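>>> Build me a structure from this.
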Amino acid sequence: MDLTGTPYFQETMASETAAVEVADGELRRLLGAGSNLLIRGEKSAATATVVALSEDLSAPLVTWSAESRAGLPQLGQGTVILLDVDQLDLATQHALLGWLDDCGGRVRVISTADTDLFERVTAGDFLGPLYYRLNTIVVDVASGPRF
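Down below sits the predicted model:
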């Protein structure tokens, strides 16, 4: 059952995406606890943020791009960095969501996007369940990383 069009879903997702200031130490603590991150902003700032956080990510560390034609990431545990998730077509989104379900929480996900994924969900261009999986903690880097 798809609930993305319901007022409850829209209200819940809007409240979950409210901007929250997170100090560097708190973000690193959340990473240590295994939280997924969505890093949103201009591509070079998002990449710089991923690099700054890389020492805190569990190994093995695999990078996968939306433009990749090699299939889904090959990783059973560790951390996967999903670049440009806002560029995924719906078929790849479905496949990625299935892959994440198969991983059963053994893989931490750090994803990057240039656009607001919630707007894409409400427009029907991005899967609500995938958004929920990727959007545990949002780090906006519009003005550059703060590390």
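>>> use CA for all of it now, contacts and neighbours both
Noted.
>>> next structured bit after the strand or helix carrying residue 120?
Assessed by DSSP states H and E, residue 120 sits inside helix 117-122. Moving toward the C-terminus from helix 117-122, the next helix or strand (DSSP H and E) is helix 128-134.
>>> Looking at this protein, which helix is longest?
Secondary structure of the chain per DSSP state H: the longest helix is helix 90-103.
>>> For that one, which helices and strands make contact with it?
Helix 90-103 sits against helix 128-134, with contacts defined as 3 or more C-alpha pairs under 8 Å, 6 or more residues apart in numbering; DSSP states H and E.
>>> how distant is the helix it packs on from the center of its chain?
8 Å (C-alpha atoms, centre = their mean, to the nearest Å).
>>> list the buried ones in it?
Using 16 or more other C-alpha atoms under 10 Å as the test for burial, helix 128-134 gives 128-131, 134.
>>> Which is the succeeding secondary structure element to that helix?
Note on helix 128-134: by DSSP H and E, the next helix or strand toward the C-terminus is strand 137-140.
>>> So for that next one, mean pLDDT?
Averaging pLDDT along strand 137-140 yields 76.
>>> on that earlier part again, now do the helix holding residue 120: which elements does it pack against?
Against helix 117-122 (3+ C-alpha pairs under 8 Å, 6+ apart) you get helix 7-16, helix 128-134.
>>> Among these, which one carries the weakest average confidence?
Mean pLDDT values for the helices and strands packed on helix 117-122 show the minimum at helix 7-16, a mean of 40.
>>> Export only the CA atoms of whichever helix or strand comes after that helix, formatted as CSV.
Remark: after helix 7-16, the chain's next helix or strand is helix 24-32, criterion DSSP H and E. What follows is helix 24-32 as a C-alpha-only set of coordinates in CSV (Å, rounded to 0.1, in the frame of the first residue of the first chain):
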residue,chain,number,x,y,z
ASP,A,24,30.5,18.0,14.5
GLY,A,25,30.8,15.9,17.6
GLU,A,26,27.1,15.0,17.6
LEU,A,27,27.2,14.0,13.9
ARG,A,28,30.3,11.8,14.6
ARG,A,29,28.5,10.2,17.5
LEU,A,30,25.5,9.4,15.3
LEU,A,31,27.8,8.0,12.7
GLY,A,32,29.4,5.8,15.4
